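>>> Got a sequence here, can you build the structure:
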Amino acid sequence: MGYDTIIIGAGMSGLAAGIRLAHYNQRVCILEQHYAVGGLNSFYRQRGRTLDVGLHALTNYVPKGTKSGPLSRLLRHLRLTWDELALVPQIGSTIAFPNIRLNFNNHFELFVSEVRKYFPKQVDGLMRLVNELIDYDQLGIGLSGGSARAFVSRHISDPLLIEMIFCPLLYYGGSRERDMEFGQFCIMFRSIFLEGFARPFDGVRLILKKLLNKFKMLGGELRLRTGVQKIFSHKGRVNKIRLSDGSDVETKNVLSSAGWLETMQLCDCQTAEEQSRQLGTGQLGFIETISVLDKEPKHLGHNRTIVFFNDSDCFSYEKPITPVDLRSGVICSPNNFDYVESLGEGIIRITALANFDQWKNLEPEEYRRQKKIWYENILTSAIRFIPDFRQHVIDTDMFTPLTIRRFTRKENGAIYGAPEKKYDGRTHLENLFVCGTDQGMVGIIGAIVSGITIANRYLLSES
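Down below sits the predicted model:
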């Protein structure tokens with residue numbers, strides 16, 4: 001059977017695109033190589049517990065009834081209600097450097113007051129910066145180029161404040177070393193500082209359940225454990241796809257959320273080899289520890305939702321030469337959102353930059369040994385910025401860039417993809433498009449909006 005559209009990858013962007021297309025009665029099939037949906041934002045069961053992967057917090061949060069912004073936009077396009085996502089805002093987060101801690105929450109006024117307290121001469125520049133941010137609606141139509149650091153430096157003169165602003169933005173969406181492309185900066189600054197963080201009580205699985213149920217209710221087809229072996233083309237158009245089991249399927253269009261390089265590697269033509277190098281190869285990998293505690297972090301004196309930390313005045317966001325860079329990181333506690341109920345057990349997740357090459361060639365026994373070593377090292381690094389919780393740990397897990405590579409095929413385990421982005425989503429083939437991270441929208445809301453945007457622009461134009 002042929003399809004109107006085949007979508008490669010059942011992550012957030014793929015599911016969102018599938019829902020949008022199925023709304024208009026397209027025959028849509030989503031192919032997912034993994035045994036579960038979610039891609040980089042999923043969940044798994046371990047020793048009776050359900051643990052999230054990827055999602056620390058959903059960015060772009062706005063209160064119920066807000067008419068503008070990406071969250072409101074995706075709800076309209078996917079025909080979901082605000083209440084269905086059951087989002088609960090953060091309690092409050094912190095950017096922690098050696099001598100200064102800047103607190104922020106979902107009200108930008110707090111961040112402005114913190115800047116006024118520690119950097120009084122920079123407030124006017126900060127407000128000018130905000131006024132010059134490009135609106136979301138102007139993104140995704142080919143906009144690209146320009147250094148975000150150069151843009152910020154035109155408005156803010158204090159080097160330390162610049163580093164503190166970039167720390168959360170890069171950790172939550174930086175695909176380049178040391179800098180961001182200007183369009184990406186606009187997306188991330190708005191999503192984190194002008195809007196903010198939220199999380200469903202049940203974590204990422206609630207969001208995935210809502211998207212998957214909506215897709216299936218509309219007649220969409222999902223095929224798990226079904227990878228793509230090759231994309232065949234004729235006269236500049238995809239004409240069929242070969243699946244991992246060797247069977248072929250025909251389709252009018254293909255939408256890939258697998259990543260630019262990863263998609264080009266599936267194509268059968270010489271042009272794809274040239275195109276694969278167009279955006280560059282992502283080099284930034286991460287490691288994350290998950291610690292389950294016998295009590296909630298607030299009972300240990302830690303009530304921050306997320307802490308972005310750095311142990312010097314200079315923030316080095318780059319591929320480390322060691323397996324893990326212990327100088328900076330992100331500490332997230334899912335307990336520290338403004339829930340009415342208690343999650344019960346405490347959770348502390350710590351993320352740090354990591355070197356894929358240092359992990360990929362380890363023998364299995366040595367790989368497990370290194371994970372234990374670096375788990376302890378990462379916790380030792382983190383407790384410089386939050387209360388020591390180590391004696392309360394009752395269960396652990398940890399993933400490395402190799403884990404990301406194994407489950408998503410992302411080159412180098414780079415979760416934010418290529419350093420350059422393809423905002424228009426077009427490829428060298430007339431009916432092959434990309435969505436998700438390498439289209440330029442990051443985070444859960446960004447990924448969903450990306451799937452909607454590309455589906456609307458290219459695959460519903462004749463509907």
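>>> Ramachandran coordinates for residue 275?
phi -70, psi -30 (degrees, to the nearest 10).
>>> wouldn't it be in contact with residue 432 here?
No. If you go by CB atoms under 8 Å, residue 275 and residue 432 don't touch, sitting 10.4 Å apart. C-betas here are computed from N, CA, C, even on glycine.
>>> of those two, who's got more company?
Just comparing residue 275 and residue 432: by other CB atoms under 10 Å the higher neighbour count belongs to residue 432, 26 against 19.
>>> quick revisit: shared neighbours of residue 275 and residue 432, anything?
residue 267 (CB atoms under 8 Å, 6 or more residues apart in numbering).
>>> Now do the end-to-end distance for stretch 184-203.
25 Å (CA to CA, to the nearest Å).
>>> And stretch 435-444, by the same measure?
This stretch, stretch 435-444, spans 13 Å end to end (CA to CA).
>>> any idea how far that stretch is from the chain center?
Here stretch 435-444 is found 8 Å from its chain centre; the criterion is CA atoms, centre = their mean, to the nearest Å.
>>> Could you give the average pLDDT over that stretch?
For stretch 435-444, the mean per-residue pLDDT is 86.
>>> what bits of this structure have low per-residue confidence?
Within the chain, the ranges that satisfy pLDDT under 70 run 1, 135-145, 461-463.
>>> Roughly how far does the residue sitting furthest away from the middle of it sit from residue 255?
Within the chain, residue 235 marks the point farthest from the mean C-alpha position, 35.1 Å out by CA atoms, centre = their mean. To residue 255, residue 235 is 20 Å away according to CB to CB, to the nearest Å.
>>> can you check residue 279 too?
17 Å.
>>> who's more crowded, the two?
residue 255 (30 against 20).
>>> And the more buried one, which helix or strand is it part of?
strand 248-256 (DSSP states H and E).
>>> Distance check, the residue nearest to residue 409 when sequence neighbours are not counted against residue 417.
Take residue 409 and drop its neighbours on the chain: the residue closest to it by CB to CB, 6 or more residues apart in numbering is residue 262, 5.7 Å away. According to CB to CB, residue 262 stands 9 Å off from residue 417.
>>> Spit out the residues that contact the two alike.
Taking CB under 8 Å, 6+ apart as the criterion, residue 262 and residue 417 both touch residue 410.
>>> Can you pick out the residue with more neighbours from those two?
Counted by other CB under 10 Å, residue 262 and residue 417 do not tie: residue 417 has more neighbours, with 29 against 22.
>>> Where does that one sit: helix, strand or coil?
coil (DSSP: H, G, I helix; E, B strand; the rest coil).
>>> what residues are up against residue 347?
Going by CB under 8 Å, 6+ apart, residue 347 touches 290-293, 333-335.
>>> Show me those that map onto strands.
290-293 (DSSP state E).
>>> Neighbour-wise, give me the winner out of these.
Ranking the ones in strands among the contacts of residue 347 using other CB under 10 Å puts residue 291 first, with 24 neighbours.
>>> export the helix ranked longest in the chain as PDB, just CAs?
In terms of residue count, the longest helix belonging to the chain (DSSP state H) is helix 364-382. Output in PDB follows, covering the C-alpha atoms of helix 364-382 (Å, rounded to 0.1, in the frame of the first residue of the first chain):
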ATOM      1  CA  PRO A 364      31.800  -3.500  27.700                       C
ATOM      2  CA  GLU A 365      33.400  -4.200  31.100                       C
ATOM      3  CA  GLU A 366      35.500  -1.100  31.000                       C
ATOM      4  CA  TYR A 367      32.500   1.000  29.800                       C
ATOM      5  CA  ARG A 368      30.600  -0.100  32.900                       C
ATOM      6  CA  ARG A 369      33.600   0.700  35.100                       C
ATOM      7  CA  GLN A 370      34.000   4.100  33.700                       C
ATOM      8  CA  LYS A 371      30.300   4.900  34.100                       C
ATOM      9  CA  LYS A 372      30.600   4.200  37.800                       C
ATOM     10  CA  ILE A 373      33.700   6.400  38.100                       C
ATOM     11  CA  TRP A 374      32.200   9.300  36.300                       C
ATOM     12  CA  TYR A 375      28.900   8.900  38.100                       C
ATOM     13  CA  GLU A 376      30.700   9.600  41.400                       C
ATOM     14  CA  ASN A 377      32.800  12.400  39.800                       C
ATOM     15  CA  ILE A 378      29.700  14.200  38.500                       C
ATOM     16  CA  LEU A 379      27.900  14.000  41.800                       C
ATOM     17  CA  THR A 380      31.100  15.400  43.500                       C
ATOM     18  CA  SER A 381      31.100  18.300  41.000                       C
ATOM     19  CA  ALA A 382      27.400  19.000  41.500                       C
END
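>>> Much appreciated, bye for now.
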